[in-house]
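Colleague: model the structure of this input:
(one chain, ligands or ions: 1)
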Amino acid sequence: MSQKRVLIVEDEATLRRIIADALTLAGYSVVVAEDGEVGLQRYMDFNPHLVIADIMLPRLDGYEMVRKMRKIGGTSQYLFLSARSQVDDVVEGFRAGGNDYLRKPFDIKELIVRTEALLSRVDAGMNDIFHIGNYTFNSGTQQLTIADFSRHLSTRESELLRALASNMNRRISSNKLLVDIWGDDSYYNLRSMNVYISKLRTYLSDDPTIEIVSIRGIGYALRVIE
Ligand code: CA
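Modeller: Just a heads-up that it's a prediction; the model follows:
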């Protein structure tokens with residue numbers, strides 16, 4: 001099993017180090033950030049399985065940062081940390097796309113348990129849900145949803161979108177897509193793939209911030225532009 005990647009965004013240096021050390025010791029690959037803007041940048045570079053986000057952060061607060069992460073896309077799980085204890089915080093945390101919530105001060109063992117629970121969802125394949133701009137794509141049921149409109153994708157459309165969405169904001173080579181999804185990279189299949197890309201562009205056109213970019217001589221990238 002490959003190492004799970006965890007991004008910790010916490011501005012209190014001591015707490016950040018304690019969490020990072022504990023998770024590293026538990027076998028995770030850990031990256032840290034000290035504010036919301038850096039957190040967002042690390043998210044794009046590191047593509048974490050789990051983001052542990054403090055709520056009160058400099059530059060960009062934890063809620064807003066996670067909203068942006070969800071908008072960029074991917075399949076990360078989220079765990080919010082907060083010193084505040086109002087119930088409203090919990091509600092707002094989940095609305096912003098939080099999967100779990102831990103109040104400070106907490107026992108580091110409790111954090112490890114929550115982390116394991118959230119990451120076991122990843123192992124169970126429960127993160128078949130991709131957020132792509134305002135769309136939600138469930139690659140298990142092959143449903144692409146925006147607001148209250150849902151479209152059922154064909155198996156090949158779904159496989160192609162899953163490959164692109166798993167590599168949000170990254171280039172993916174035509175060659176790899178063809179071999180993985182079509183079985184070989186013949187010219188005939190390349191033509192077929194171009195047709196599928198056009199279909200996906202049409203399906204995703206209700207959110208103008210989404211684009212499937214063709215990179216000449218390389219392949220494609222699915223991007224959400226701010
Ligand atoms: Ca803080």
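Colleague: which residue, other than its chain neighbours, is closest to the residue most central in space within the chain?
Modeller: Centrality entry for the chain: nearest residue to the mean C-alpha point is residue 74, 2.3 Å, by CA atoms, centre = their mean. Once flanking residues are discounted, residue 74 sits nearest to residue 168: 5.3 Å by CB to CB, 6 or more residues apart in numbering. The way it works is simple: take the backbone N, C-alpha and C, and place the C-beta from them, glycine included.
Colleague: follow-up on the earlier one: residue 130 is in contact with the residue nearest to the centre of the chain, correct?
Modeller: Yes: the criterion here is CB atoms under 8 Å, and residue 74 meets it with residue 130 at 7.3 Å.
Colleague: now the common contact residues for these two.
Modeller: Common neighbours of residue 74 and residue 130 are listed as residue 165 (criterion: CB atoms under 8 Å, 6 or more residues apart in numbering).
Colleague: so which bits of this structure are right by the ion?
Modeller: Counting by CB under 5 Å from the ion, the chain comes close to the ion at 11, 54, 56.
Colleague: could these go into JSON lines alongside neighbour count and pLDDT?
Modeller: Output for the residues of the chain next to the ion, formatted as JSON lines (neighbours: other CB atoms under 10 Å; pLDDT from 0 to 100):
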{"residue": "11", "neighbour count": "18", "pLDDT": "97"}
{"residue": "54", "neighbour count": "26", "pLDDT": "93"}
{"residue": "56", "neighbour count": "15", "pLDDT": "89"}
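Colleague: following element in sequence after the helix or strand of the chain with the lowest mean pLDDT, please.
Modeller: Ranked by mean pLDDT, DSSP states H and E, the weakest helix or strand in the chain is helix 87-95, scoring a mean of 62. Using DSSP states H and E, the helix or strand that follows helix 87-95 in sequence is strand 100-103.
Colleague: check which element follows that following strand along the chain.
Modeller: Following strand 100-103 toward the C-terminus (DSSP H and E): helix 108-123.
Colleague: can you list the buried residues in that next one?
Modeller: Neighbour-count burial for helix 108-123, counted by 16 or more other CB atoms under 10 Å, picks out 111-112, 114-115, 118-119.
Colleague: those: which two are farthest apart?
Modeller: 111 and 119 (12.3 Å; CB to CB).
Colleague: now do the strands in the protein.
Modeller: Remark: strands assigned in the chain by DSSP state E are 5-9, 29-33, 50-54, 77-82, 100-103, 129-132, 135-138, 143-146, 149-152, 172-173, 210-215, 219-224.
Colleague: turn those strands into TSV, including distance to residue 22.
Modeller: Converted to TSV, the strands of the chain look like this (distance: least, CB to CB, whole Å):
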stretch	distance to residue 22
strand 5-9	10
strand 29-33	9
strand 50-54	11
strand 77-82	13
strand 100-103	13
strand 129-132	28
strand 135-138	33
strand 143-146	37
strand 149-152	41
strand 172-173	34
strand 210-215	37
strand 219-224	33
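Colleague: check those for me and report the most buried one.
Modeller: Neighbour counts (mean count of other CB atoms under 10 Å) averaged over each of the strands of the chain peak at strand 50-54, with a mean of 27.
Colleague: what comes into contact with it?
Modeller: 4-12, 19, 39, 43, 62, 65-66, 69, 76-82, 111, 115, 118-119, 122.
Colleague: what angle sits between that strand and strand 77-82?
Modeller: Interaxial angle, strand 50-54 versus strand 77-82 (axes from the mean of the first three to the mean of the last three CA atoms, to 10 degrees): 20 degrees.
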